[in-house]
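[1] here's my sequence, what's the structure:
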Amino acid sequence: MSYQPAIMSASLGRAWLHDLDYKLEQASKVGFKGIEIFYEDLDYCARKLAGNDQPSADQLLRAAEQIQTKCQSQGLEIIALQPFLFYEGLKDREQHARLVQKMELWLQIVKRLKTNTIQIPANFLPADQLTNDIDVIVADLRQLADMGAAQSPVVRYAYENLCWSTVNDTWEKAWEVVKRVDRPNFGICLDTFNIAGKVWADPASPTGKTANGDVELHDTIQRLVAEVDLAKVFYLQVVDAERMESPLVPGHPFHIEGQPSRMSWSRNARTFMYEEDRGAYMPVEKIARAIVFDLGYKGTMSDEGKNVPDLHAQRGIAAWAKLQERLQLE
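    A predicted model of the protein is given here:
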């Protein structure tokens, strides 16, 4: 399988969305081959169909069909639907049951989108709403995996640690969950931002780094290459972030009381890799190189970022082209 560049359609947590058709056109125009669909984009399209803020299930499915048709006309593969939020490890089991019902609709949506993957970010609700019992977490996720396995075609789940997730905030913890779920359609999404953003970078530090970041990053990369089963890496996200000019602590413009600094950083300061002029500073290429060459990954890579769609697309494809050149990818 040759490497394919993909572009994300929206950034998690944005209060507004650009027109999806325009984003798709810009992604295709600059040469991207695939795109992730955020549920927020789908919901926005369904609201336009409904003429109100409460689209029905049928309107969501119609919106998915329209998005798939548009993607097909632009030569874009839909890589995944995401993010299925705040699911695993809930203490509130009634909410758990409601989310299982919601997944029934998502399984119909992915069929309309003609994709086979749903991404699940590791839960980042407050700790008092979650259990850290891995057996409960695994059982919850196995339930979804079994639902996906019953579909034709089978639906896969890509589980991703976020560097601010409440329980599973490292790839090691997410990988342990994937191993314990032990289903062929349940794998991991590796993200350079979330790997480096936990062990190497710290937006709340005056240096922008953790105390022992270089050593910890080296060690975590070595473990990743040694331990992760390549067949379980469903896709790779390649993304950087801006170094804060001042620590992201109370008083910083991005600080929100009660929100982890890494979450605030992620939502406000993402960059594409190699964008040093925008403050990009993490060793993203080092991680990507290890995953591609040492682990042997070949498949979809997603550049994630922020900004208006045309500039976003141009910046994203420029980052992809430089990575392709430096790693001598096909």
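
[2] what stretches of the chain score poorly on pLDDT?
    In the prediction, the chain carries residues with pLDDT under 70 at positions 1-18, 301-324, 328-330.

[3] gap between the residue of it most remote from its centre and residue 39?
    Most distant from the centre of the chain: residue 51, at 29.5 Å, with distances by Cα atoms, centre = their mean. Distance of residue 51 to residue 39, given as Cβ to Cβ, to the nearest Å: 20 Å. Every residue, glycine included, has its C-beta placed from N, CA and C.

[4] need phi/psi at the residue farthest from the centre of the chain.
    Here is the backbone geometry of residue 51 (degrees, to the nearest 10): phi 80, psi 20.

[5] quick one: the helices in the stretch 201-330 of the chain?
    For the stretch 201-330 of the chain, the helices defined by DSSP state H, counting those that start in this stretch cover 213-227, 261-268, 284-289, 309-327.

[6] burial measure for residue 125, as a count.
    18 (other Cβ atoms under 10 Å).

[7] name the nearest residue to it, sequence neighbours excluded.
    residue 86 (5.4 Å; Cβ to Cβ, 6 or more residues apart in numbering).

[8] touching, that neighbour and residue 123? I think so.
    Yes: applying Cβ atoms under 8 Å, one finds residue 86 in contact with residue 123, separated by 5.7 Å.

[9] of the two, give the one with the bigger neighbour count.
    residue 123 (21 against 16).

[10] residues in contact with that one?
    85, 86, 87, 88, 89, 90, 130, 165, 166, 167, 168 (Cβ atoms under 8 Å, 6 or more residues apart in numbering).

[11] in this protein, which spans are strands?
    Counting by DSSP state E, the segments of the chain that form strands are 4-8, 34-38, 77-82, 117-121, 156-160, 186-191, 233-238, 240-241, 270-271, 300-303.

[12] which one of the ones you listed lies closest to residue 204?
    Nearest to residue 204 among the strands of the chain is strand 240-241; the distance by Cβ to Cβ comes to 13.2 Å.

[13] and the spatially closest residue to residue 92 that is not a sequence neighbour, how many neighbours?
    Counting by Cβ to Cβ, 6+ apart, residue 92 lies nearest to residue 129, which is 6.9 Å off, once chain neighbours are set aside. Number of residues near residue 129 (other Cβ under 10 Å) recorded here: 14.

[14] so residue 129 is in contact with residue 88, correct?
    No: applying Cβ under 8 Å, one finds residue 129 not in contact with residue 88, separated by 11.8 Å.

[15] show me what the helix ranked longest in the chain is packed against.
    In the chain, taking DSSP state H as the definition, the longest helix is helix 93-113. Counting contacts by 3 or more Cβ pairs under 8 Å, 6 or more residues apart in numbering; DSSP states H and E, helix 93-113 packs against helix 57-73, strand 77-82, strand 117-121, helix 134-149.

[16] I'd like those as TSV, with mean neighbour count and distance to residue 206 appended.
    TSV is the format used below for the helices and strands packed on helix 93-113 (neighbours: other Cβ atoms under 10 Å; distance: least, Cβ to Cβ, whole Å):
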stretch	mean neighbour count	distance to residue 206
helix 57-73	18	44
strand 77-82	23	34
strand 117-121	23	29
helix 134-149	19	35
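
[17] make CSV out of those and add distance to residue 300.
    CSV is the format used below for the helices and strands packed on helix 93-113 (distance: least, Cβ to Cβ, whole Å):
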stretch, distance to residue 300
helix 57-73, 14
strand 77-82, 5
strand 117-121, 9
helix 134-149, 18
